[in-house]
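Enquirer: no sequence on this one, just coordinates:
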């Protein structure tokens, strides 16, 4: 008998003393261990505590995740760092299947010894796992949701572990009855596999789910499950955790499995990890050689057999059904064992759930149910259960009624869909029975609804926002537009409204985090820790202005450009605010509205001032400032957006300035080609302008000499204008407007009329002079230009103009 | 709050586009927060021109970072395609041919640039297709 090594259980820093005390007591009592040393290792300094404290409010729901930091993680310190050859072990295990009968008979006598061997070898491993498990139990981990408590027999209570254990073992013993005749390869497996493993004690540290993944060291990442003994990605346990615990804290923790990952088909392993199988108290997989209180910690082979056996008839008994109902796990496993061992027993079926409880509490059935029992046995029951799950309606009262309606519609659809379209074979055929559906696709619902919810919860958490308009502006606007569109459509016609699903993200109230520096008792002063919520200033940057003399010409130019850029940015911010006022107006209360309007007006004024570069004391600001802004691409776009907000005079002023410096701007725009964006607001403006303005505007545009007497030989201004898309389009717009004014108001004042006529004459002359090839293609051609020109030129010239400007439709 | 609508697409046929250009079609069985996917009865579909070929692959576990997009396949519309299905050998051959022509064109291009004294910077080969 090997001496028991003192167990060193490494605990994280526990806020409550009682927990540690309790563990100690339990382990001492039940494990019968002589000495337990609890090392309370606190690696978290108070510094580290600070950020966590701050985040508490925000992340309370995630529980005490800091407890889960594994200081001595396996990757570095334990078996994760050491490779072990699982393949050999697996092969050895596989051989065992042939040798089962012989092995078991041997075991009857060696039970005790084996226990101690196992215990001696694995106790360290065990104890750590035990403590880990108990810790898990206590935390509210979103990943590991507390399962449905469907263990009527066991009545799990965290406090009364003693009773539960013994209860469980009672059941175990009873269940084992009928299976005594069957071979339990478990022990033999261990015995066989262990001797090789003995010298490699450090490797024994393995996580419980026996995946190939080593245990990882993690930090408490918000939104991800805390580190568990099972690796990340494991679906949440579905068994009642207390019942799990009690198994582990058995007095004689034999049957600790050798550290070999199972290499067995995945589909089942995923969904029902061996842990879960373990936790079935009435698991029939316990070898009879063991004393009653054997925990059903399974060896890999056992698990494999479970999984393998259960897999034998996928059509018959869909394992997804197992996953669904925790209570089902026990007996199908028992059933599953049979096929392997008593070749003939196939597809054990279960009595329906009410009878299921009886199954456990009553003496074990003498014989397992006949194998010929048809799947519909559990089918309807499962159907009930399954249909129960989707029938559960979550509280949707907080949702918009339209949204809620849509949600339920979609649920219905999906239910139908799942019923109809699942399965590899018959697609498109509509089968309404769950029964068929399950049979077709045994892998359906590999993911539990709980797991799906968990993942979606994580994703939704990432979308949490205190101000969706700020964080997700484009999405919100897009959906608003869609809604407006559909509302407009609805008004027009009474067709079925196309409902668009909008993701309603969880709204989080804004929390003010004021950083409170940590203070120790008895010390002077406070520690300042830099964290996400309290960033520390690392560099003290001081602005030093340089004197004017030092700067060279280039620098001056560069500075000027930079200043212009800054002005553009400032004005843009104003613009965004102004554009937002409409929404704010709708959201605000009555009293606040005048104030909002005032603000808006004020902002518009300052925008205009920024644009024109108004300096105090100047009667008429120079064009230069504006032109500088217009040289920059962003500036042009900004002007286009600002124009609708300006008053007519202000806008007209802008337009005139543009017209004056148009060739220059055209030249500067050669690379960007952004000027056309201005056409639309300008056109809108022009159609509001009075005749006088239009006349002078035309003059400016074409750079027509004031007097018609001496036409210049060439008009580079006009040429430039005409050669540019924007310029030509603007010109045409102005002409069109002029024509409108003329035609609409024949009795207009003669002075205006005369002016216009004069200008038009000159204009047409100029136009006639320009060769056609030089003309750009305008963005749009107003329709009334033909009539316009017909006033001022004769037929021949009119035709010329028409062809030149392509005024007549169909020429292009 | 349970968000059914997000995960209403389980156990439906899905099409996954990976970063290396592969197209996988299979039944989506499992997903996690990193968009790691488990696809069942997966078929890798190779498209060349108007033809496509399917290679059955079995079960795929795709690491989330390699997923470009994932979409549900409308089974009614699935057969409603102008593309023509061919055998695996044929499509692989087509793919090889296409690859070859592309490489040759690339070579020509590089050569032409070299002749002019320019050189293309070496692209990061992470997303090759």
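Expert: In hand now; what should we look at? Model, not experiment: these values are computed from the prediction.

Enquirer: and the residue nearest to residue B:91 when sequence neighbours are not counted, how many neighbours does it have?
Expert: Counting by C-beta to C-beta, 6 or more residues apart in numbering or on different chains, residue B:91 lies nearest to residue B:53, which is 2.8 Å off, once chain neighbours are set aside. Using the backbone N, CA and C atoms, a C-beta is placed for each residue, glycine as well. Neighbour count of residue B:53, defined by other C-beta atoms under 10 Å in any protein chain shown: 22.

Enquirer: what about the residue lying closest to residue A:725 once chain neighbours are set aside, neighbour count?
Expert: Closest residue in space to residue A:725, ignoring its immediate chain neighbours: residue A:776 at 4.7 Å, by C-beta to C-beta, 6+ apart. The number of residues packed near residue A:776 is 14, by other C-beta under 10 Å.

Enquirer: so what touches the strand or helix carrying residue A:720?
Expert: Remark: residue A:720 resides in helix A:716-723, with elements defined by DSSP states H and E. Defining contact as C-beta atoms under 8 Å, 6 or more residues apart in numbering or on different chains, one finds that helix A:716-723 is touched by A:662-663, A:666-667, A:701-704, A:727-728, A:730-731, A:766-767, A:770, A:774-776.

Enquirer: stretch A:581-601 now?
Expert: Residues outside stretch A:581-601 that contact it (C-beta under 8 Å, 6+ apart) are A:469, A:578.

Enquirer: now do the end-to-end distance for it.
Expert: Separation of the first and last residues of stretch A:581-601 by C-alpha to C-alpha, to the nearest Å is 10 Å.

Enquirer: how about that stretch: buried residues?
Expert: By 16 or more other C-beta atoms under 10 Å in any protein chain shown, the buried positions in stretch A:581-601 come out as A:581, A:600.

Enquirer: and if you look at stretch B:43-57?
Expert: For stretch B:43-57, by 16+ other C-beta under 10 Å, it's B:43, B:44, B:45, B:46, B:48, B:51, B:52, B:53, B:54.

Enquirer: tell me which element the closest residue to residue A:753 other than its chain neighbours is part of?
Expert: Of all residues not flanking residue A:753 in the chain, residue A:742 sits nearest, at 7.6 Å (C-beta to C-beta, 6+ apart). Assigned by DSSP H and E, residue A:742 belongs to helix A:725-744.

Enquirer: output the below-cut-off pLDDT ranges for chain B.
Expert: Across chain B, the ranges flagged by pLDDT under 70 are B:1-9, B:122-129.

Enquirer: can you name every helix or strand that the lengthiest helix in it contacts?
Expert: If you go by DSSP state H, chain B has its longest helix at helix B:88-115. Contact analysis of helix B:88-115 by 3 or more C-beta pairs under 8 Å, 6 or more residues apart in numbering or on different chains; DSSP states H and E lists strand B:37-48, strand B:51-62 as its packing neighbours.

Enquirer: how far does it sit from the chain's center?
Expert: 19 Å (C-alpha atoms, centre = their mean, to the nearest Å).

Enquirer: how about it: buried residues?
Expert: B:91, B:94, B:95.

Enquirer: for the residue nearest to residue A:753, give its distance to chain B.
Expert: For residue A:742, the distance to chain B equals 57 Å [C-beta to the nearest C-beta, to the nearest Å].

Enquirer: my read: that residue touches residue A:759, true?
Expert: No: using C-beta atoms under 8 Å, residue A:742 is not in contact with residue A:759; the gap is 11.6 Å.

Enquirer: between these two, what contacts are shared?
Expert: Shared contacts of residue A:742 and residue A:759, defined by C-beta under 8 Å, 6+ apart, are absent.

Enquirer: who touches the nearest residue to residue A:444 once chain neighbours are set aside in this structure?
Expert: Nearest non-adjacent residue to residue A:444, counting by C-beta to C-beta, 6+ apart: residue B:11, 4.4 Å away. In this structure, residue B:11 makes contact with A:418, A:422, A:441, A:443, A:444, A:445, A:446, B:27, B:28, B:29, judged by C-beta under 8 Å, 6+ apart.

Enquirer: tell me the least confident of these?
Expert: Among the contacts of residue B:11, residue A:422 carries the weakest pLDDT, at 48.

Enquirer: what angle sits between the strand or helix carrying residue A:804 and helix A:725-744?
Expert: Assigned by DSSP H and E, residue A:804 belongs to helix A:795-805. Relative orientation of helix A:795-805 versus helix A:725-744 (axes from the mean of the first three to the mean of the last three C-alpha atoms, to 10 degrees): 140 degrees.

Enquirer: what is the orientation angle of helix A:795-805 with helix A:716-723?
Expert: Between helix A:795-805 and helix A:716-723, the angle comes out at 60 degrees (the same axes, to 10 degrees).

Enquirer: how about helix A:795-805: buried residues?
Expert: Those would be A:797, A:798, A:800, A:801, A:802, A:804, A:805, for helix A:795-805 by 16+ other C-beta under 10 Å.

Enquirer: which one of those residues sits closest to chain B?
Expert: Comparing these against chain B with C-beta to the nearest C-beta places residue A:804 closest, at 41.6 Å.

Enquirer: got the contact list for that closest one?
Expert: Neighbours of residue A:804 in contact, by C-beta under 8 Å, 6+ apart: A:767, A:768, A:770, A:772, A:775.

Enquirer: could you measure from residue A:580 over to residue A:574?
Expert: Counting by C-beta to C-beta, to the nearest Å, the gap from residue A:580 to residue A:574 is 11 Å.

Enquirer: between the two, which one's more packed in?
Expert: Using other C-beta under 10 Å, the more surrounded residue of residue A:580 and residue A:574 is residue A:574, with 21 against 13.

Enquirer: is it true that that one touches residue A:606?
Expert: Yes: at 6.1 Å, residue A:574 and residue A:606 qualify as touching, with contact defined as C-beta under 8 Å.

Enquirer: nearest residue to residue A:577 other than its sequence neighbours?
Expert: Sequence neighbours aside, residue A:603 is the residue nearest to residue A:577 in space, at 5.9 Å (criterion: C-beta to C-beta, 6+ apart).

Enquirer: got the confidence number for residue A:161?
Expert: What the model reports for residue A:161 is a pLDDT of 43.

Enquirer: same question, the one 5 residues further on
Expert: Model confidence at residue A:166, expressed as pLDDT, equals 46.

Enquirer: what's the distance between the residue nearest to residue A:725 and residue B:89?
Expert: According to C-beta to C-beta, residue A:776 and residue B:89 sit 57 Å apart.

Enquirer: repeat for residue B:46
Expert: 11 Å.

Enquirer: repeat that for residue A:561.
Expert: Using C-beta to C-beta, residue A:561 is found at 63 Å from residue B:89.

Enquirer: which residues sit in contact with the closest residue to residue B:48 other than its chain neighbours?
Expert: Nearest residue to residue B:48, sequence neighbours excluded (C-beta to C-beta, 6+ apart): residue B:94, at 4.1 Å. Contacts for residue B:94 were tallied using C-beta under 8 Å, 6+ apart; they are B:48, B:49, B:51, B:86.

Enquirer: repeat for residue A:642
Expert: Neighbouring residues of residue A:642 by C-beta under 8 Å, 6+ apart: A:571, A:575, A:607, A:608, A:611.
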